[in-house]
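**Q** I would like the atomic coordinates for the input below:
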Amino acid sequence: MNNRRVVITGVGAVASLGNDADTLWDNIIAGKSGIDTITRVNKDDFPVHVAAEIKDFDAKDYMERKEARKMDLFTQYAVAASKMAVEDANLVIDDSNAERVGVWIGCGIGGMDTYEDQLRKFIDKGYRRVSPFFVPMLIPDMAAGQVSIQLGAKGINSCTVTACASGTNSIGDAFKAVQRGDVDCMITGGTEAPITNMAFAGFSSMKALSFNEDPKKASRPFDQNRDGFIMGEGAGILVLESLESALARDAKIYAEIVGYGATGDAYHITAPAEGGEGGARAMQMAIDDAGISPTEVDYINAHGTSTGLNDKYETLAIKSVFGEHAYSLAVSSTKSMTGHLLGAAGGIEGVIAVKSIDDGIIPATINYETPDPDCDLDYVPNESRKQDINYVLSNSLGFGGHNATIVFKKYQ
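**A** Residues are numbered from 1 along each chain as shown. The predicted model follows:
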């Protein structure tokens with residue numbers, strides 16, 4: 001069976017830098033930061049005081065108030081971003097195509113806010129006060145489920161839960177579903193709403209977050225003085241579509257998706273494998289799947305978390321795959337601006353990668369001040385760069401040793 005070509009025809013986003021994809025992208029290329037002093041939890045209760053929170057999001061702009069009350073924030077974000085992506089694609093879902101449109105949206109944690117709220121009610125007032133919607137609001141797959149319900153998409157409906165690789169794995173899995181011919185369109189990406197007391201406490205306790213109190217400097221991927229990631233939230237969604245379907249609709253085509261790689265470290269529950277070998281295998285697998293040479297890659301949107309081991313080992317992984325070309329290609333981490341959206345990271349970064357190809361602009365790694373001898377590639381420091389882009393790799397690496405890479409291509 002001949003694999004079908006798969007293109008991106010719609011994008012949608014909810015993030016700290018904007019509640020739509022265009023605003024997000026404008027702020028990304030301007031080098032703005034969405035990180036600020038945290039308000040969602042009492043900062044005085046924690047050693048970490050900054051986060052990348054979403055501002056001015058109103059769920060009823062995208063769904064009925066009654067329906068929104070049955071959804072945790074992570075699901076609301078996914079529904080909003082999905083509706084924007086479908087509208088951007090000018091995709092009408094009706095009886096003629098509903099069974100050929102699927103949903104695959106990843107989430108790393110699920111409804112933490114719902115869990116904490118309902119646990120307090122259980123402890124204070126007993127099980128009868130726990131909401132009957134508690135379980136369907138909590139479980140990570142409900143973002144995909146609710147998007148399917150809200151939009152009427154009846155094709156394959158799934159959710160990949162692979163920690164911080166969830167969004168990228170979901171896009172890759174959705175890509176393969178369209179490529180095989182299981183469906184004609186997929187609404188895919190990642191979503192997360194982790195800025196809650198327990199999530200903040202857990203990541204603070206394991207010393208994964210930056211203790212830097214300056215919001216504009218705290219996230220500094222690949223910089224020698226990096227000291228941890230900044231938690232973010234939101235959703236990034238792509239509409240993937242077979243080329244035949246897109247051409248038949250005369251749809252706008254942002255880019256093509258041509259390769260996917262996914263590997264496991266089999267090493268440690270939180271630390272990446274020595275030398276980033278698992279991430280290197282994912283990149284090589286994606287390049288091989290795309291049928292291209294490593295030297296054809298122009299830009300890597302790195303996982304780039306601003307943690308000591310990730311940035312060092314991801315750099316080593318890039319060198320092992322690309323050899324001398326590693327010093328010629330551009331590598332940047334947009335987490336320097338968006339924070340780390342955990343299971344939604346790959347979704348937001350997928351939107352950014354697609355926009356970078358469409359506009360011919362490579363986003364910067366902001367807050368890059370002090371070079372690290374272990375991180376010696378071109379990280380596009382502090383200012384975005386105008387450049388024609390043919391191929392982009394997007395990396396996501398998750399706790400548990402999950403590694404995922406996608407290859408995007410300029411559509412021709």
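**Q** which SS state does the closest residue to Gly343 other than its chain neighbours fall under?
**A** Counting by C-beta to C-beta, 6 or more residues apart in numbering, Gly343 lies nearest to Gly108, which is 2.8 Å off, once chain neighbours are set aside. Using the backbone N, CA and C atoms, a C-beta is placed for each residue, glycine as well. With DSSP: H, G, I helix; E, B strand; the rest coil as the basis, Gly108 sits in coil.
**Q** surely Gly108 is in contact with Gly398?
**A** Yes - assessed by C-beta atoms under 8 Å, Gly108 is found in contact with Gly398 at 7.2 Å.
**Q** anything in contact with each of the two?
**A** Residues touching both Gly108 and Gly398 (C-beta atoms under 8 Å, 6 or more residues apart in numbering): Thr162, Ala163, Cys164, Ser166.
**Q** out of these, which sit inside helices?
**A** Among those, the members found in helices (DSSP state H) are Ser166.
**Q** return the member of the shared contacts of Gly108 and Gly398 nearest to Ser131.
**A** If you rank those by distance to Ser131 using C-beta to C-beta, Ser166 comes first, at 25.2 Å.
**Q** right, and that closest one touches Trp104 too?
**A** No - counting by C-beta under 8 Å, Trp104 is not a contact partner of Ser166; they are 10.5 Å apart.
**Q** quick one, what contacts the residue nearest to Gly343?
**A** 140, 161-164, 166, 190, 192, 194, 342-344, 398.
**Q** can you redo those as TSV with distance to Lys410, pLDDT and neighbour count?
**A** Output for the contacts of Gly108, formatted as TSV (distance: C-beta to C-beta, whole Å; pLDDT from 0 to 100; neighbours: other C-beta atoms under 10 Å):
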residue	distance to Lys410	pLDDT	neighbour count
Pro140	33	97	23
Val161	31	98	20
Thr162	28	98	25
Ala163	30	97	21
Cys164	27	97	28
Ser166	26	98	33
Gly190	23	98	39
Glu192	29	98	35
Pro194	34	97	27
Leu342	29	98	30
Gly343	28	98	35
Ala344	25	98	37
Gly398	28	96	27
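**Q** low-confidence ranges in this structure?
**A** For the chain, applying pLDDT under 70 flags the ranges 1.
**Q** tell me where it has helices.
**A** For the chain, applying DSSP H gives helices covering 21-29, 65-68, 73-88, 112-125, 134-138, 142-151, 166-180, 197-205, 243-249, 277-290, 308-322, 335-338, 345-359.
**Q** out of those helices, nearest to Asn403?
**A** Ranking the helices of the chain by proximity to Asn403 (C-beta to C-beta) places helix 277-290 first, at 3.9 Å.
**Q** neighbouring contacts of that closest one?
**A** By C-beta under 8 Å, 6+ apart, the list of residues contacting helix 277-290 reads 258-267, 272-273, 293-294, 297, 303, 313-314, 316-318, 320-321, 391, 393, 395, 397, 401, 403-407, 409.
**Q** out of the residues you listed, which are buried?
**A** Applying 16 or more other C-beta atoms under 10 Å to these, the neighbour count classes 258-263, 265, 272-273, 294, 297, 303, 313-314, 316-318, 320-321, 391, 393, 395, 397, 401, 403-407, 409 as buried.
**Q** now, these that are in strands?
**A** Among those, the members falling in strands are 258-263, 391, 393, 395, 397, 403-407, 409 (criterion: DSSP state E).
**Q** show me the two of those residues that sit farthest apart.
**A** Leu397 and Lys409 (22.2 Å).
**Q** got the domain boundaries for this protein?
**A** The chain breaks down by automatic domain parsing into domains covering 6-249, 260-409.
**Q** now the shared contacts of Gly108 and Gly398 as JSON lines including distance to Asp182?
**A** Below are the shared contacts of Gly108 and Gly398 laid out as JSON lines (distance: C-beta to C-beta, whole Å):
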{"residue": "Thr162", "distance to Asp182": "20"}
{"residue": "Ala163", "distance to Asp182": "26"}
{"residue": "Cys164", "distance to Asp182": "26"}
{"residue": "Ser166", "distance to Asp182": "20"}
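**Q** brilliant, that's me finished.
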